[in-house]
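Sequence and predicted structure are below.
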Amino acid sequence: MGEEWTRRTFIRRAGAGALGVLASPAMVTAARADSQGMPVTRSSFSGPLLGAFAEPTRPKESYFTAITEFEDSIGRGIALYRSYRSWGQPIFNHTIDNLLNPDKNPYPVPVLYLTFHAFYGSKGQDCIAWSDIVAGVHDAQIDSWAQELAQLGGRPTYIAFHHEPENQLGTPPTGCGTPADFQSAYWYVRRRIEVVGGVSGLTWVITYMRDTFAPTLKHGGPEVWWPATSPYPDVPNDHLPGVDVYNRNMCHDRGWRTFHDLVDPTLQPRKQPRTPYRFSLGVGRRLFIGECGCVEGDACFGTLPHGTAKAQWFQDALAEMEGWTNLEAFSYSNVTGYGDGDYRIGTSPESLASFQAVAGSAYFSQAPP
């Protein structure tokens, strides 16, 4: 088919079973009922999804080439690809089109994890008010995204409305509003897409910054931002808690942080129900790790050995996750970071080999649908 491929072709093939079964309402990840404090909702997948985002490394290299080279390096295709949008940006672009095109993508088509931010530009610049979204001021943009999502034909897709909303606390243009404003906007956007727009197959994620959880509990803690009760009878409480975790070492004046320190620390026991892992259990939802990264032990004048410290970090992360029964996805950031930090898996032979072992583990054997 070559250049004659279209998204319509992708939808037809998926429906025929070539790329997997389209999601019915019963297949959507979380159960369609309130689950505060209840047993953890089941996933529509048989195991956690291994995901990634990859930054280009060479001049003029595309993001699509970057992710396929990442897949080459780990010896398998990713099951999930994350991609973020500022307000007004379309979902489909060169990268997404190629990922969804079996004639272009040498690996199985991944599930998409998409975030829609309530700001123009990038990095939280030029915010729009969450309250304006609820007032219907921006319905045209929400409807445009719904129309694009409908082209996926109900294929399972993860959606976050304004991931890490804690970063935009305040008044436009530097902030988007209050936690209550965020919650109202989340429910409004979700209903506009799912009910008004008729889009199926979506699993929604509330993605936090790591320091919102214990032991630091910044930004008021996770409960302040958690949309606990749906104001609409036709929109269920079934979103997943998500978190972005990075071991930046001295590149951000943090010191070395193990994966356990980031997701389920044991310091200050009275605060421990609010770690990412335990919070997810407390609300009865599966945990979604939307971003993750680790630098080398000697990065930014660190004192730990190059290669072996990062390699051990990956192995310890795998061992930690293998002890969980409620992980939905683990998405790695193959990118550069603060200062001289570099989260790429290939910063040393030891690091690369260790991440290859993580990617090849039985725990992450789930392929895309």
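Here it is on my side, so go on. Residues are numbered from 1 along each chain as shown.

partner residues bridging Asn247?
The residues listed as beta-bridge partners of Asn247 by DSSP bridges are Cys294.

Can you give me the separation between it and Ser333?
Computed with C-beta to C-beta, to the nearest Å, the distance linking Asn247 and Ser333 is 11 Å. All C-beta spots, glycine's among them, are computed from the backbone N, C-alpha and C.

pLDDT wise, what is Asp34 at?
pLDDT recorded at Asp34 is 34.

Could I get the CA-only coordinates of the helix or strand containing Leu281 as PDB?
Secondary structure assignment for Leu281, by DSSP states H and E: helix 276-282. In PDB, the C-alpha atoms belonging to helix 276-282 read as follows (Å, rounded to 0.1, in the frame of the first residue of the first chain):
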ATOM      1  CA  PRO A 276       2.400   6.800  44.600                       C
ATOM      2  CA  TYR A 277       2.200   3.000  45.000                       C
ATOM      3  CA  ARG A 278       0.100   3.100  48.200                       C
ATOM      4  CA  PHE A 279      -2.100   5.900  47.100                       C
ATOM      5  CA  SER A 280      -3.000   3.800  44.000                       C
ATOM      6  CA  LEU A 281      -3.900   0.900  46.300                       C
ATOM      7  CA  GLY A 282      -5.900   3.200  48.600                       C
END
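
Run through who's touching that helix.
Contacts of helix 276-282 from elsewhere in the structure, counted by C-beta atoms under 8 Å, 6 or more residues apart in numbering, are 37, 40, 208, 210, 213-214, 222, 240-241, 243, 245, 262-264, 272-273, 286-287, 289, 324, 326.

how about a cut-off of 6 Å?
With C-beta atoms under 6 Å, 6 or more residues apart in numbering as the test, helix 276-282 has contacts from 213, 222, 241, 243, 263-264, 272-273, 287.

repeat for stretch 294-314
By C-beta under 6 Å, 6+ apart, the surrounding residues in contact with stretch 294-314 are 247, 249-251, 339-341, 347-348, 350-351, 354-355, 358.

Restricted to strands, list these.
When strands are assigned by DSSP state E, the members of the contacts of stretch 294-314 inside them are Asn247.

Buried subset of the contacts of stretch 294-314, written for ChimeraX?
What follows is the ChimeraX syntax for the buried subset of the contacts of stretch 294-314, where burial is set by 16 or more other C-beta atoms under 10 Å:
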select :247,249,250,251,339,341,347,348,350,351,354,355,358
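
Considering the contacts of stretch 294-314, which is situated nearest to Ser73?
Among the contacts of stretch 294-314, Phe355 lies closest to Ser73 (C-beta to C-beta), at 8.5 Å.

show me what contacts the closest one?
By C-beta under 6 Å, 6+ apart, Phe355 lies in contact with 314, 345.

Find the pair from the contacts of stretch 294-314 with maximum spatial separation.
Longest span within the contacts of stretch 294-314, C-beta to C-beta: Gly339 and Val358, 25.2 Å.

Return the list of helices and strands in contact with the helix or strand hosting Leu50.
In this structure, Leu50 is located in strand 49-54 according to DSSP H and E. Where contact means 3 or more C-beta pairs under 6 Å, 6 or more residues apart in numbering; DSSP states H and E, strand 49-54 is packed against helix 63-74, strand 80-85, strand 327-334.

Check what contacts the helix or strand in which Thr95 is found and list those residues.
Secondary structure from DSSP H and E places Thr95 in helix 94-100. Contacts to helix 94-100, defined as C-beta under 6 Å, 6+ apart, come from residues 10, 63-64, 81, 104-105, 109.

Which of the contacts of helix 276-282 fall within strands?
Going by DSSP E, the strands hold 241, 243, 287 from the contacts of helix 276-282.

With pLDDT and distance to Leu318 added, can I get these in TSV?
Converted to TSV, the ones in strands among the contacts of helix 276-282 look like this (pLDDT from 0 to 100; distance: C-beta to C-beta, whole Å):
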residue	pLDDT	distance to Leu318
Pro241	98	21
Val243	98	17
Leu287	98	15
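
Neighbour count and distance to Glu69 added to those residues, as JSON lines?
Converted to JSON lines, these look like this (neighbours: other C-beta atoms under 10 Å; distance: C-beta to C-beta, whole Å):
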{"residue": "Pro241", "neighbour count": "24", "distance to Glu69": "31"}
{"residue": "Val243", "neighbour count": "28", "distance to Glu69": "27"}
{"residue": "Leu287", "neighbour count": "26", "distance to Glu69": "29"}
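
Pick the one among those residues closest to Asp139.
Comparing the ones in strands among the contacts of helix 276-282 against Asp139 with C-beta to C-beta places Pro241 closest, at 27.5 Å.

Count the neighbours of the closest residue to that closest one other than its chain neighbours for me.
In space, and not counting its chain neighbours, Pro241 is closest to Ser280: 4.9 Å by C-beta to C-beta, 6 or more residues apart in numbering. Neighbour count for Ser280, taken as other C-beta atoms under 10 Å: 24.

same deal with His94?
Each residue near His94 was counted by other C-beta under 10 Å, and the total is 10.
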